[in-house]
Structure formats: C-alpha cells, structure tokens
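Chemist: need a structure here:
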Amino acid sequence: MGSMKTTPKRTVNSKGKGSTLSKLIVFAPIALEVVNLMRQNQKKKQGKYAKARKRDKAFDFILDQANRRLGGKKQKRGWF
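Modeler: Okay, here's the model as predicted:
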C-alpha cells in the first residue's frame, strides 16, 4: 500500500464565492477609512506647500475614486 498513489478529493465549499464577496463588502469601507486616515496623516507631515510626487497623485486619485464609489464624501459640482 505504500506505493499506491491517491488522488486528492475535491470537496464542495458550501459557502461558495458569496462569503468572500460579503467579507469584501464588509471590510472594504473599513480598510478604505484606515488608508484615508494614514494618507491624511502623511500629508500633514509633508507640509502645506510641498509638491506632491507622481506616485502620491496617482494614489490620491485612486483613493478619491474609491471614496466616491463607496459613498464617502459628496463632491459638489459647479461653482455654486
């Protein structure tokens, strides 16, 4: 019996992909808020007139888009 090869059994995940998606929906806003606070803290340390690097601009853009998608801050359109 020592030389017999066995194939691995595949089990069906009863929770499926739904549980992964629900975890993502729950934890995404929390993670986004933590990243947002870290970025604000980093901006404060840089100073008011420091020029943002290209990487920082890209990260801020992605963070801003994620905030808008998840219903974060509402942005006014137009001048008034």
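Chemist: contacts, neighbours, all on C-alpha from now
Modeler: Noted.
Chemist: what's the following helix or strand after whichever strand or helix holds Lys44?
Modeler: In the assignment (DSSP states H and E), Lys44 maps to helix 16-46. Per DSSP H and E, helix 16-46 leads on to helix 54-69 as the next helix or strand towards the C-terminus.
Chemist: hang on, the earlier thing: give the other helices and strands that the helix holding Lys44 contacts.
Modeler: If you count contacts as 3 or more CA pairs under 8 Å, 6 or more residues apart in numbering; DSSP states H and E, helix 16-46 packs onto helix 54-69.
Chemist: got the angle between the helix it packs on and helix 16-46?
Modeler: Using axes from the mean of the first three to the mean of the last three CA atoms, to 10 degrees, the inter-axis angle of helix 54-69 relative to helix 16-46 is 130 degrees.
Chemist: now helix 54-69: buried residues?
Modeler: Within helix 54-69, the residues that count as buried by 16 or more other CA atoms under 10 Å are Leu63, Asn67.
Chemist: and the helix or strand bottoming out on mean pLDDT in the chain, how far out from the chain middle?
Modeler: In the chain, no helix or strand scores lower on mean pLDDT, DSSP states H and E than helix 16-46, which sits at a mean of 85. The chain centroid and the centroid of helix 16-46 are separated by 5 Å, computed with CA atoms, centre = their mean, to the nearest Å.
Chemist: same question, stretch 55-72
Modeler: 10 Å.
Chemist: do the same with stretch 38-56
Modeler: The chain centroid and the centroid of stretch 38-56 are separated by 20 Å under CA atoms, centre = their mean.
Chemist: distance between the ends of it?
Modeler: Counting by CA to CA, to the nearest Å, you get 13 Å between the two ends of stretch 38-56.
Chemist: can you start the count at 26 instead of 1 from here on
Modeler: Will do, 26 is the new start, and the previous item becomes stretch 63-81.
Chemist: got the buried residues for that stretch?
Modeler: When neighbours are counted by 16+ other CA under 10 Å, the buried residues of stretch 63-81 are found to be Arg64.
Chemist: for stretch 51-58, same thing?
Modeler: Pro54, Leu57.
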